[in-house]
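Q: after the sequence you'll find the predicted model.
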Amino acid sequence: MTKIKKKEAHKKPLTRKEQRKQKTEAKKENKRLYHAGKINGTQRVVAAAEALAAQSLQGKNKKKKKTKKPKINPEDIPKEQLLSGEIGSDDDESIDSDFSDDEVDALMPKKAKVEIFEPLGKKVKIKGGVIPRQDEAEVRKRELRQQKELEGKSKKQRIKQMRLENEEEDREIAKLEKKLKLNKSKDKNRLVRKMFNDGLDYLLDFVLDDEEEKQKWEEKQERKRRLKEDMEKEEAGMWSEDDEEQDEDLADDPPDDNSSQDDEEDEELSGDEEQSEEESEQEEEQPKVKEDIYGRKRDAEGNILPDPIEQEASATGQKYIPPHQRALLAASAGSSEKQAEILARLQKQCKGLLNRLSEANLHKIAAGIEALYMKNSRYNMNDTLTKLLQEALLGSTRSNERMVQEHMVLLAYLHAQIGSEIGAHFLQTFVELFDGHIKNITNLEVEDKQLNNLILILCYMYMFKIFELSLLMELIGRLSDELCEKSVECLLLILQTIGFRLRKDDPLAFKTMMQRVQAQIAAAPLELKENPRLRFMVDILNAVKNNNMQKLPQYDPELAENLRKRLKAMLKNDRYVVTLNITLEDLLRADKVGKWWIVGSAWTGNLNEMGSAKQKQDTNSSKPSNTGFADKLLELAKKQQMNTAERKNIFCIIMSAADYVDAFEKILHLALKDQRAVAYVIIHCALNEKRANPYYAHLALKFCQFNRKYQLAFQFASWDRINDIESLSKPQIRNLASILQQLILSAGLQLSVLKVVDFMQLDKLSFFFMKEVMVRLLLAPDEREIYQTFERVAKNTKLQQFKQSVRLFLQHFLLKAEQLDKLKLKEEEQQLLQQRVDHLDKLLAYVDL
């Protein structure tokens, strides 16, 4: 059979649409190849194009070199070759067999399958030769061109972003200028001057060139030199003729280049600056008159000029009046209309500020009044504010307590920010008013609330630390001495307002005051004792004594505390309220003797008599450390080897306190710096008791919960006792185990306080101590506290050895039959002990895993 040749179909030429489509597909394919790899994309595209061209060329060569196959007789082909399908399908005589019998397959030889693997790291060689060098250069140029395009686009984007940011910054600057009201001034040089006044001139160093910066620096140094010379002349109080001649020579010198530059700058100055220059020139033309440190006026040569008022007084034969007395006479008599106008305007300004005073705008109003103090004399300001406060707060009706608090915060701010003489002036004024009311207290009506308002003002002045506690105790003593219905009402007001503050600041002084008031009440007539106000005052006094705030009606200390915090935040430049330690006698005799508490004020008193009440207070305050305790207590402290004053005071307080809270507060008021002394005395007292006393454990726990420093102090004191356990007796060891057990269960101390015990070499006393502590811990009534105590230690990964030692002690020492018999426990307690030990052993072992 002859092989029929198929006629090749004639290829039609591609249309333009098909050509465009083919080009787009080729571009897509090139793009895909370019982006398929992260690097060398252009090489991949060129390599693919070359491979495609080489493949098409190879196909054409194959078609041209195709030769005729020799004809094969089918009868000559063996059966195995026919069955294996090795004969090509192009021959008509060969037929591919579909026969797949198992027997035939078994007879067929096995065909080895050859797999070809390409070696790693080798690139596939492209048929058709290496890429020419000219193509690599073009690819490189194309890459550089694309890189430049990307850089250009990124640069344009950055410029656009910078423009947007500049516009946003300009809008922000305009907004801030509007808030600062800088955009209203047309004079731009005024803004530059304002920058120099605000200390922002250093910013110009970054803008100016090096030459301009050098020139500015030289001008600045020249100005400093001239200013220094002028100051030296002023201090000397005289000027030499040579200096005046030099000034004239400088004025006659022709202007140089710098002066021409200055003239150009002067042309740019505003009208206000030109006026200021004209005024300064006029002042320079006038004769120079300076004032020395004593207030005397001197001319240019340093001679003292006579006072025209003194000359006029001597000419008329009148008595000379000092300047400060002149101002007082002019203000009091109203002879000076100008002074009266100033005082009226000042009173109007202060009243406007005080009328707007509230907690919200407290800082703003205080700053406004402080500015008035800076502009006006302190005498006028003190006098004006005194009148306004008396009008606002000292009326015949009860003043609002919140309004009094806000005004006293303002007064404390002025006292701290301006000077302590401000608070001293108002304190003296209010104390003198109080003394006048006390002298006439029997004639005062109960409905008249002026004295009540005055007491309220003084209480809040003390609350904001303007004066000390001793002065307030003297005022309370004056009220209790004149016991009547009005004084009872005032005492009740004091207790309701700052009773708890007094108890907190000085419990001993409060106790003394309370005993004095109770003695006066006991000696009062029967009519006064039956007064319901007096009974209510006694109830309030007992409530304050027992620290029971619920019995006080409408008691809210939060507002006063908030105002104290607000005052502390308002003070700046490390300012603080200076507490005045002045006695009542000093304030009442200030007009006769003088004001020793004001720096520079005249005083004619005796140094030995000054502050007699203060000396009494010092002697009273020294009593608790020397003679305030009974002789028996002092002897007992001496026997217990309390060899320092701190230990004696702590020991006597612990032994004489009503309860552990009372002892805790009294020890805190000693203001001790060494916390270890407190821990030493408490543990020493606990060990020397005949039986374990829980009073010491509660007191120690109170200190441990108060501050971590005390917790560390008790830990160190316990370690000292455990390390020195050989010097302790068995009752003392039991007491030590008892106090440690209570502290550990209450989380005052941790179980790790026992890690100083050497479990590897336990002697008899150490074993007895550990047995007492563990048995007391494990047989405690609250099981939850026991497990929490051991769980806190179990979670600590640094105490592995201690945990293993505790497990060993519990299992192999504590639960022995001999030890259980020595403990003499009941069967229920033994079972409970066994159960808890097993649970704790699992807990410690599980956490270790």
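A: Structure received.
Q: longest helix in the protein, please.
A: Looking across the chain with DSSP state H, the single longest helix is helix 133-180.
Q: now for that one, which elements pack on it?
A: In terms of contacts (3 or more CB pairs under 8 Å, 6 or more residues apart in numbering; DSSP states H and E), helix 133-180 is packed against helix 41-64. Heads up, the C-betas are built off the backbone N, CA and C, glycines and all.
Q: just to revisit the earlier point, how far off centre is the longest helix of the chain?
A: Its chain's average C-alpha position is 43 Å from that of helix 133-180, according to CA atoms, centre = their mean, to the nearest Å.
Q: now the strands for the protein?
A: 290-291, 297-298 (DSSP state E).
Q: just the ones you listed: most buried one?
A: Here the criterion is mean neighbour count by mean count of other CB atoms under 10 Å, and of the strands of the chain the winner is strand 297-298, at a mean of 15.
Q: just the mean pLDDT for that one, thanks.
A: The average pLDDT for strand 297-298 rounds to 78.
Q: same question, stretch 573-587
A: In the prediction, stretch 573-587 has an average pLDDT of 84.
Q: also stretch 784-801?
A: 84.
Q: could you give me the buried positions within that stretch?
A: I786, T789, F790, V793, A794, L799 (16 or more other CB atoms under 10 Å).
Q: can you check stretch 684-694 too?
A: Buried residues in stretch 684-694, counting neighbours by 16+ other CB under 10 Å, are found at H684, C685, A686, L687, A692.
Q: again with stretch 434-451
A: Those would be F434, H437, I438, I441, L444, K449, Q450, L451, for stretch 434-451 by 16+ other CB under 10 Å.
Q: how about residues contacting it?
A: 394-399, 454-455, 458, 475, 478-479, 482, 484-487, 489-490, 588 (CB atoms under 8 Å, 6 or more residues apart in numbering).
Q: in a markdown table, list the buried residues of stretch 784-801 along with distance to N581.
A: What follows is the buried residues of stretch 784-801, written out as a markdown table (distance: CB to CB, whole Å):
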| residue | distance to N581 |
| --- | --- |
| I786 | 54 |
| T789 | 50 |
| F790 | 54 |
| V793 | 52 |
| A794 | 56 |
| L799 | 53 |
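Q: so F769 makes contact with N735?
A: No: here F769 lies out of contact with N735, judged by CB atoms under 8 Å, at a distance of 11.0 Å.
Q: shared neighbours of the two, anything?
A: Counting by CB under 8 Å, 6+ apart, F769 and N735 have no contacts in common.
Q: chain center to stretch 445-465: distance?
A: 36 Å.
Q: any idea of the mean pLDDT for it?
A: On average, stretch 445-465 scores 89.
Q: where's G395 relative to K632, distance?
A: 56 Å (CB to CB, to the nearest Å).
Q: neighbour count for those two, which is higher?
A: Per other CB atoms under 10 Å, whichever of G395 and K632 has more neighbours is G395, with 13 against 9.
Q: who's in contact with that one?
A: Contacts for G395 (CB under 8 Å, 6+ apart) come out as K449, Q450, N453.
Q: got a markdown table for those residues, with distance to L815 too?
A: Converted to a markdown table, the contacts of G395 look like this (distance: CB to CB, whole Å):
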| residue | distance to L815 |
| --- | --- |
| K449 | 76 |
| Q450 | 80 |
| N453 | 75 |
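Q: what's the closest of the residues you listed to I521?
A: K449 (23.2 Å; CB to CB).
Q: right, so of the strands of the chain, which gets closest to A677?
A: For these, the distance to A677 is smallest for strand 290-291, at 60.4 Å, taking CB to CB.
Q: quick one, grab the pLDDT at L508.
A: Per-residue pLDDT puts L508 at 84.
Q: okay, now it: neighbour count?
A: Using other CB under 10 Å: L508 sits among 14 other residues.
Q: ok, it to R478 distance?
A: 20 Å.
Q: what do you get for E219?
A: 69 Å.
Q: more neighbours: which of those two?
A: R478 (17 against 12).
Q: could you pull up the contacting residues of the more buried one?
A: I438, L584.
Q: for I654, see how far away it is.
A: Distance check for R478 against I654: by CB to CB, it reads 36 Å.
Q: go on, I683?
A: As judged by CB to CB, I683 and I654 stand 11 Å apart.
Q: now N453
A: From N453 to I654 the distance is 44 Å (CB to CB).
Q: next one: phi and psi at N707?
A: phi -150, psi 140 (degrees, to the nearest 10).
Q: OK, contacts around it?
A: Q675.
Q: one more time with 10 Å, if that's ok
A: The contact partners of N707, by CB atoms under 10 Å, 6 or more residues apart in numbering, come to L668, Q675, A713.
Q: quick one on the thing from earlier: out of the strands of the chain, nearest to L751?
A: It's strand 290-291; of these, that one is closest to L751 (CB to CB) at 78.2 Å.
Q: so what are the sheet partners of that closest one and their directions?
A: Applying DSSP bridges, strand 290-291 is found paired with strand 297-298 (antiparallel).
Q: ok now do L458, which residues does it touch?
A: 408, 427, 430-431, 433-434, 466-467, 471-472, 475, 494, 497-498.
Q: so which residues of the stretch 251-400 of the chain form helices?
A: Ranges of helices in the stretch 251-400 of the chain, per DSSP state H, counting those that start in this stretch, are 257-267, 271-285, 308-316, 323-333, 337-355, 362-375, 378-393.
Q: and for the residue nearest to V577 when sequence neighbours are not counted, the neighbour number?
A: In space, and not counting its chain neighbours, V577 is closest to A416: 4.5 Å by CB to CB, 6 or more residues apart in numbering. Counted by other CB under 10 Å, the residues lying close to A416 total 23.
Q: numbering from 45 from now on, please.
A: Right, with 45 as the first residue, what we last looked at is A460.
Q: surely A460 is in contact with L454?
A: No: in this structure, A460 is not within contact of L454 by CB atoms under 10 Å, at 11.1 Å.
Q: what residues are shared contacts of those two?
A: F508, L611, M614.
Q: give me the buried entries from those.
A: By 16+ other CB under 10 Å, the shared contacts of A460 and L454 give F508, L611, M614 as buried.
Q: where in the stretch 245-394 of the chain is pLDDT low?
A: In the predicted model of the stretch 245-394 of the chain, residues 245-257, 277-332, 338-339, 351, 353-380 satisfy pLDDT under 70.
Q: change it to 80
A: Applying pLDDT under 80 to the stretch 245-394 of the chain picks out residues 245-260, 274-341, 344-346, 348-383.
Q: before we move on, what about the stretch 595-744 of the chain?
A: Looking at the stretch 595-744 of the chain by pLDDT under 80, you get 595-601, 616-618, 634-675, 715, 717.
Q: how about a cut-off of 90?
A: 595-721, 732-738 (pLDDT under 90).
Q: likewise for the stretch 395-544 of the chain?
A: Using pLDDT under 90, the stretch 395-544 of the chain drops low at 402-407, 419-424, 438-446, 449, 459-469, 472, 479-496, 507-514, 516-544.
Q: I am finished for the moment; much appreciated.
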